[in-house]
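Asks: Give me a model of this one.
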Amino acid sequence: MDIKLRNRHRISIFLALIVILSAASVMVGLYPFFENESARYEEPVYGQDAFLKHLVLGNYVLYLEQAQYEQGSVISPFQFYFPLAEEELKNGVNSRTAASEGEPDAMEGVDTITIAGEESNGLPDQEERIDYLKELRQNCVRQYESWNRNFNGIRNYLDYQILDGNGKVLADHAGGRSIGGSDEYTFKAELRYDDLGRMQAGAVSGDNTVKLMNTLGTLGDKDPMSDHYWEQYRYETDLKLKNPRNVTFAYGMRPQQIAAYEDERETVWSAYNYSGSVSRIFFGLVCAVAIAAFLLSCFDPDLPEYSRILRTPFEIVGGVICGGVFFGTGKVIIDVKSIFNGKQLRESGYFYWSL
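Replies: Residues are numbered from 1 along each chain as shown. Below you'll find the model as predicted:
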């Protein structure tokens, strides 16, 4: 009897290995299919929303860098993009410090304070305003560091130039090429700011040009600091970020730059996840293995005690497996999306993805 049980046990193990190896072979054999699917769903790196977002936010990085170069000094992001708020904060802090030290004339002229178009009397409102300006300064510096970090992740794969309002090149990182007039670039975009700081996307080329222009236009219309404005100061123009003015940022990506960036960021595998093929096939194989395990367990009701799990009702086994598959595939999709939104691996330099 013992010999018979051992033989049956060996057969069960052998059949289980056959099932597992068969599923693995099917998965490996479908790699060519996955490649074809990726070609259908893969979006060029320059067309992905997070890439374009980092490109637009890179305008603020380059604009400040150019100003620092021209002035020959370091300028803080808050001082450069919120000059009136910086001045008000400096004066407000000095006034409050002087008042706390007992200078009688230090607070003259500050009893009436204008906030968001309304007058408010008294020191508490001024203190609240100063606290807000301090928080705004902190958020501005933090956001600029994020813009700079994200833009640095793509700038090595770009040619770019900064031009003044007359088209004169102020900074050239394109090897002397004229990005706007060159046919070498698979992707190129000129982001122009007028004298009011309004951005317009021009000379855009690449796959799905309409989508590129719409996305760039939408990103250019958004104030990147808007989420950090307190409601009572949201409509006070002096406390808003000042966009670049009378300047154009020209960007271009040649085919070899795109290829290098794709190799670095492994966009093909992310396209597999976006197509959904891997998730669906993986789910099907897991279900097939579960069914095979259930059927095999029915062949031998006299299995040893430690293998009773194989005789668990199929509804329970299937429910647990399907739940695990849904959780796992869902997590994969969430992770991929968050990568392409710049929330996770992008900041570590492995993946670029708002980001």
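
Asks: separation between Asp164 and Gln71?
Replies: Using CB to CB, to the nearest Å, one obtains 16 Å as the distance from Asp164 to Gln71. C-beta: built from backbone N, CA, C; applies to glycine.

Asks: for Glu236, same thing?
Replies: From Glu236 over to Gln71 (counting by CB to CB), the distance is 27 Å.

Asks: Give me the more crowded residue out of those two.
Replies: A direct count of neighbours by other CB atoms under 10 Å for Glu236 and Gln71 places Glu236 higher, at 16 against 9.

Asks: That one and Ile130: what is the separation?
Replies: 14 Å.

Asks: any low-confidence regions in the stretch 101-250 of the chain?
Replies: Low-confidence segments of the stretch 101-250 of the chain (pLDDT under 70): 101-124.

Asks: all strands for it, in order.
Replies: 112-115, 118-121, 159-164, 169-173, 187-193, 199-205, 247-253 (DSSP state E, counting those that start in this stretch).

Asks: Can I get the last one as PDB, trimmed to CA atoms?
Replies: Listed next in PDB are the C-alpha coordinates belonging to strand 247-253 (Å, rounded to 0.1, in the frame of the first residue of the first chain):
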ATOM      1  CA  VAL A 247      11.300  84.200 -24.900                       C
ATOM      2  CA  THR A 248      11.100  81.000 -26.900                       C
ATOM      3  CA  PHE A 249      12.300  77.600 -25.900                       C
ATOM      4  CA  ALA A 250      13.000  75.300 -28.900                       C
ATOM      5  CA  TYR A 251      13.300  71.500 -28.300                       C
ATOM      6  CA  GLY A 252      14.200  68.700 -30.600                       C
ATOM      7  CA  MET A 253      14.800  64.900 -30.500                       C
END
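
Asks: Adjust the sequence numbering to begin at 15 for everything that follows.
Replies: With the count now opening at 15, the last piece we talked about shows up as strand 261-267.

Asks: so what does that strand touch, helix or strand wise?
Replies: Counting contacts by 3 or more CB pairs under 8 Å, 6 or more residues apart in numbering; DSSP states H and E, strand 261-267 is packed against helix 63-85, strand 173-178, strand 201-207.

Asks: Hey, what's the angle from the longest one to strand 261-267? Just curious.
Replies: Following axes from the mean of the first three to the mean of the last three CA atoms, to 10 degrees, one obtains 130 degrees for the angle between helix 63-85 and strand 261-267.

Asks: got it, and the last one?
Replies: Counting by the same axes, to 10 degrees, strand 201-207 lies at 170 degrees to strand 261-267.

Asks: what's in contact with strand 201-207?
Replies: With contact meaning CB atoms under 8 Å, 6 or more residues apart in numbering, strand 201-207 is reached by 58, 60-61, 69-70, 73, 193-194, 196, 213-220, 226, 230, 234, 257-267, 272.

Asks: Okay, now the sheet partners of that strand, with direction.
Replies: Here strand 201-207 is paired, per DSSP bridges, with strand 213-219 (antiparallel), strand 261-267 (antiparallel).

Asks: Buried residues in that strand, which are they?
Replies: For strand 201-207, a neighbour-count test (16 or more other CB atoms under 10 Å) marks 201-207 as buried.

Asks: Kindly indicate which of those residues lies nearest Asp173.
Replies: Each of these was scored against Asp173 by CB to CB, and Lys202 proved nearest at 8.5 Å.

Asks: separation between the closest one and Gly298?
Replies: Using CB to CB, Lys202 is found at 43 Å from Gly298.

Asks: So which residues of the stretch 15-164 of the chain form helices?
Replies: Secondary structure of the stretch 15-164 of the chain (DSSP state H, counting those that start in this stretch): helices located at 16-43, 45-55, 63-85, 91-95, 97-114, 137-169.

Asks: which stretch in those helices is the model least sure about?
Replies: Taking the mean pLDDT of each of the helices of the stretch 15-164 of the chain, the lowest value is held by helix 45-55, a mean of 58.
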